[in-house]
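Visitor: What would the 3D arrangement of this be:
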Amino acid sequence: MAKKSIRIRAKMKGNVTEVKALMSHAMETGLRKDKKTDKKIPAHFIQEVKCEHNGKQVLLAEWGVAVSKDPYLSFKFSGANKGDKISISWYDNMGKSASAESTIK
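Guide: Numbering: from 1, shown residues only. Purely as a prediction, here's the structure:
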């Protein structure tokens with residue numbers, strides 16, 4: 001994948017952590033045709049997104065072809081502290097993956 005395929009931010013608001021992530025991915029459905037060749041573009045989409053806080057899973061999302069190109073994900077969870085580590089990783093249907101880590105501010 002391209003460099004910096006996940007951009008992640010995590011901020012404390014009271015005792016809740018808000019995580020925002022932007023992922024670079026084509027997210028092809030397998031239904032579109034290439035305009036030049038008139039052949040179907042193969043499906044290529046993120047199947048699984050995981051988020052961990054200090055090594056403990058706080059989010060697991062299973063995605064499919066209905067998610068748009070370059071998906072944006074935002075969620076909240078409690079139990080974190082400023083300075084803790086948060087990581088996000090994704091895996092797609094073609095065996096590719098990406099991950100990123102950030103510190104909660």
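
Visitor: Neighbours of Val49, how many?
Guide: Val49 has 20 neighbours, counted by other Cβ atoms under 10 Å. Using the backbone N, CA and C atoms, a C-beta is placed for each residue, glycine as well.

Visitor: Next one, pLDDT for it please.
Guide: Here, the pLDDT recorded for Val49 equals 98.

Visitor: Over to the one 3 residues further on?
Guide: Glu52 is assigned 98 on the pLDDT scale.

Visitor: next one: Thr17
Guide: At Thr17, the pLDDT recorded in the model is 97.

Visitor: Let's verify it: helix, strand, or coil?
Guide: strand (DSSP: H, G, I helix; E, B strand; the rest coil).

Visitor: Is the closest residue to it other than its chain neighbours in a helix, a strand, or coil?
Guide: Nearest residue to Thr17 in three dimensions, chain neighbours excluded: Ala80, at 4.3 Å (Cβ to Cβ, 6 or more residues apart in numbering). At Ala80 the chain is in coil, as set by three-state DSSP.

Visitor: likewise Ile86?
Guide: Per three-state DSSP, Ile86 ends up strand.

Visitor: now stretch 61-73: how far from the chain's centre is it?
Guide: Centroid separation for stretch 61-73 versus its chain: 8 Å, with Cα atoms, centre = their mean, to the nearest Å.

Visitor: Show me what that stretch is in contact with.
Guide: Stretch 61-73 is contacted by residues 19-31, 43, 45-50, 88 when judged by Cβ atoms under 8 Å, 6 or more residues apart in numbering.

Visitor: Based on its surroundings, how many neighbours for Lys85?
Guide: 14.

Visitor: Listing request: residues of the protein with sub-threshold pLDDT.
Guide: 1-3 (pLDDT under 70).

Visitor: How are the strands of it distributed by residue range?
Guide: 6-13, 16-23, 46-53, 56-62, 72-78, 85-92, 97-103 (DSSP state E).

Visitor: mind listing what the first one pairs with, with the direction of each?
Guide: Using DSSP bridges, the strands paired with strand 6-13 are strand 16-23 (antiparallel).

Visitor: Return the set of buried residues in the strand it pairs with.
Guide: Across strand 16-23, burial judged by 16 or more other Cβ atoms under 10 Å covers Thr17, Val19, Ala21, Leu22, Met23.

Visitor: Great, nothing more from me.
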